[in-house]
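# based on what follows, work out the 3D shape:
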Amino acid sequence: MATTTAKSAKGPGDPVTTEDLQADIARLKEDIATLTRQLAATGEQSVKTARRVAAEGVEQLRTQGEATLADLRSGARDLEAQIGEAVREKPVTSLAIAAGVGFLFALLTRR
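Presented below is the predicted three-dimensional model:
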């Protein structure tokens, strides 16, 4: 990053010249440009990493959602089969229960 160069034959008490200041300013500008490029590269990497992590998260959620949906469908099929079996075994009881539920639903929606 910061580059240092040894000044030729200048001691601690020697006065600083305009050329020395201009050379220091030029080095500072180079260092700032280098830092800017490095920060830009770091920012691009961060964005790429964030996108990759988000894509992986979306894929994982989609997979979990599909698995849950498959479980729900399986449970609904099992419940449907059980209800169908119960209706076949006891048709009169099933008809009475359906009529009672319909009557209660009619009462609730009437109010």
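
# what is the burial count for I97?
Neighbourhood size, I97 [other C-beta atoms under 10 Å]: 13. (Each C-beta comes from the backbone N, C-alpha and C, glycine too.)

# what is the rounded mean pLDDT of the one helix or strand it maps to?
Here I97, judged by DSSP states H and E, is contained in helix 91-110. Mean pLDDT, helix 91-110: 91.

# other SSEs contacting that helix?
The helices and strands touching helix 91-110, judged by 3 or more C-beta pairs under 8 Å, 6 or more residues apart in numbering; DSSP states H and E, number zero.

# the same query, at a cut-off of 10 Å, please.
With contacts defined as 3 or more C-beta pairs under 10 Å, 6 or more residues apart in numbering; DSSP states H and E, the packing partners of helix 91-110 are helix 18-89.

# mean confidence for stretch 65-75?
94.

# dump that stretch to PDB, restricted to CA.
What follows is stretch 65-75, C-alpha atoms only, in PDB (Å, rounded to 0.1, in the frame of the first residue of the first chain):
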ATOM      1  CA  GLY A  65     -41.600 -26.100   0.700                       C
ATOM      2  CA  GLU A  66     -41.900 -28.800  -1.900                       C
ATOM      3  CA  ALA A  67     -41.300 -31.500   0.800                       C
ATOM      4  CA  THR A  68     -43.800 -30.000   3.100                       C
ATOM      5  CA  LEU A  69     -46.400 -29.700   0.300                       C
ATOM      6  CA  ALA A  70     -45.800 -33.400  -0.600                       C
ATOM      7  CA  ASP A  71     -46.300 -34.300   3.100                       C
ATOM      8  CA  LEU A  72     -49.600 -32.300   3.200                       C
ATOM      9  CA  ARG A  73     -50.900 -33.900   0.000                       C
ATOM     10  CA  SER A  74     -50.100 -37.400   1.400                       C
ATOM     11  CA  GLY A  75     -51.900 -36.500   4.700                       C
END
